[in-house]
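Peer 1: Next come a sequence and a model predicted from it.
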Amino acid sequence: MRKHFHQSVFMILIGAIALLCLAVPGWSADKFELKFACEYMDRHPTSINAFLPWIKKMGELSQGRLQIQFYNPNAVCPSKETYSSTVAGAVDIGASGTIWNPGKFNLSEITELPFLFNGAEAGSLTMWELYKRFPEWREESKEVQMLWQWTSALFQLHTVKKPVRTLEDLKGLKIISWTAPMNNMIRLLGANAVDGKPTDTYLALERGMADGVICPLAPMRSFKITDAAKHHTIIDLSASGFWAGMNQAKWNSLPPDLRKIIEENVGDKMAQLSGKTLDEGAIQDSKWMKEQKHSFYVLSPAEKEKWKEKLKPVTEEWLKKMEQKGYKNVREIHEATVSMGKEYSAKTKGGYAE
């Protein structure tokens, strides 16, 4: 009788301890299913080598309590609406380009200014440092829990009939531009800007409607641009900004221990990894192009100085525009960007290798 009594008391105590553990946030056994809507396809090098491993790691470190499902572009929400969908909670984690939200990520436009970085890794480390250092930068995305930011691979020059080694070679050529800021830079460099979309670029080049395009190396194969443009000038012109963030209410709903797991594995780590995988992808793309007998030319330092001089008005025009919008210390932010860009570029290998 006494033995059964002791066993009953023991079982009650075990049950009470288990209930107590479940009641304490740090010991919660609840599982959280999170939808991750990404601008990159699951077969994109950065998805394969950065985002998907991160998702797997979150599951492992949380012992299965963080269950993050990756969704390809437009599967959960239109890619261009990823930020608003993340704010609204239609997706739990969003990752997309700042370019899709005109007037929202004003300061991140700084990555589009000419000749700041040697590759996406340097650009990404700089961008995240700017986020941490300047309250104005953080203010622009205050509606979400920002996880990390990064930049695209750098924009290079690709031509159909002949390689471009100097400004004289570029003069008068019709060059396709995918963005408005790029239009202005092309004109200042002495070429004629042709508005275009990635999907239309191949046909425009093939039909002789344009002589070349300025874009990163990475998307060229998928858009068949490599079938038309087989001369590549490495100019490391500029980049585009990207962000990855979580719905704020969803973030607040996570227990402290799960938030800690995420916090310890985002920020600098994912900014650097995102950029590094983009650089490595660009290097692999250039190797494939060389195997297809494409020509590559790296703009000489002396020639690049001439290009920089031509594009100085782009930077000054943007700084004045930002000041007019009320960003009083935008010049300080720009100086920090230039300084960090040089520092990180010296420490990273960039997005092209001979």
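Peer 2: Yep, that arrived.

Peer 1: Now residue 195. Its backbone dihedrals?
Peer 2: Torsion angles at residue 195 (phi, psi; degrees, to the nearest 10) stand at phi -60, psi 140.

Peer 1: For it, list each beta-bridge partner.
Peer 2: Residue 195 has the following beta-bridge partners by DSSP bridges: residue 177.

Peer 1: Check residue 157 too.
Peer 2: residue 214, residue 233.

Peer 1: Tally up the residues packed near it, please.
Peer 2: A count of nearby residues for residue 157, using other Cβ atoms under 10 Å, gives 26. For every residue, glycine as well, the C-beta is placed using N, CA and C.

Peer 1: ok, it - contacts?
Peer 2: With contacts defined as Cβ atoms under 8 Å, 6 or more residues apart in numbering, the neighbours of residue 157 are 164, 170, 175, 212, 213, 214, 232, 233, 235, 237.

Peer 1: Closest one of those to residue 128?
Peer 2: residue 237 (21.3 Å; Cβ to Cβ).

Peer 1: which residues sit in contact with the closest one?
Peer 2: By Cβ under 8 Å, 6+ apart, residue 237 lies in contact with 114, 115, 154, 155, 156, 157, 185, 214.

Peer 1: now residue 344
Peer 2: Contacts for residue 344 were tallied using Cβ under 8 Å, 6+ apart; they are 117, 121, 122, 123, 125, 126.

Peer 1: Any stretches of the stretch 151-300 of the chain with poor pLDDT?
Peer 2: Residue ranges of the stretch 151-300 of the chain with pLDDT under 70: none are present.

Peer 1: Which residues are in contact with the spatially closest residue to residue 212 that is not a sequence neighbour?
Peer 2: Excluding the flanking residues, the one nearest residue 212 by Cβ to Cβ, 6 or more residues apart in numbering is residue 159, at 3.6 Å. Contacts for residue 159 (Cβ under 8 Å, 6+ apart) come out as 173, 211, 212, 229, 231, 232, 233.

Peer 1: Now which of these would you call buried?
Peer 2: With burial judged by 16 or more other Cβ atoms under 10 Å, the buried subset of the contacts of residue 159 is 173, 211, 212, 229, 231, 232, 233.

Peer 1: Can you tell me which of those residues lies closest to residue 313?
Peer 2: Nearest to residue 313 out of the buried ones among the contacts of residue 159 is residue 173 (Cβ to Cβ; 20.2 Å).

Peer 1: wait, that closest one sits on residue 191?
Peer 2: Yes: between residue 173 and residue 191 a contact is recorded at 4.7 Å, counting by Cβ atoms under 8 Å.

Peer 1: Which segments of this protein make up each domain?
Peer 2: 28-106+116-151+240-280, 156-238+293-347 (automatic domain parsing).

Peer 1: And the pLDDT at residue 13?
Peer 2: pLDDT recorded at residue 13 is 47.

Peer 1: for the one 5 residues further on, same thing?
Peer 2: Residue 18 is assigned a predicted lDDT (pLDDT) of 47.

Peer 1: Next: residue 1.
Peer 2: pLDDT at residue 1 comes out at 49.

Peer 1: Now do the helices in the stretch 101-250 of the chain.
Peer 2: Counting by DSSP state H, counting those that start in this stretch, the segments of the stretch 101-250 of the chain that form helices are 120-133, 135-139, 167-170, 180-188, 198-206, 248-253.

Peer 1: other SSEs contacting the fourth one?
Peer 2: Helices and strands touching helix 180-188, as assessed by 3 or more Cβ pairs under 8 Å, 6 or more residues apart in numbering; DSSP states H and E, comprise strand 174-177, strand 192-195, strand 212-215, helix 301-324.

Peer 1: Can you show me the CA trace of it as CSV?
Peer 2: Only the C-alpha atoms of helix 180-188 are listed here, as CSV (Å, rounded to 0.1, in the frame of the first residue of the first chain):
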residue,chain,number,x,y,z
ALA,A,180,16.8,54.3,-63.7
PRO,A,181,20.0,55.1,-61.8
MET,A,182,22.0,53.0,-64.3
ASN,A,183,20.5,55.0,-67.2
ASN,A,184,22.2,58.1,-65.9
MET,A,185,25.5,56.4,-65.4
ILE,A,186,25.5,55.0,-68.9
ARG,A,187,24.9,58.4,-70.4
LEU,A,188,27.6,60.1,-68.3
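
Peer 1: Can you check what angle separates it from helix 301-324?
Peer 2: Counting by axes from the mean of the first three to the mean of the last three Cα atoms, to 10 degrees, helix 180-188 points 130 degrees away from the direction of helix 301-324.
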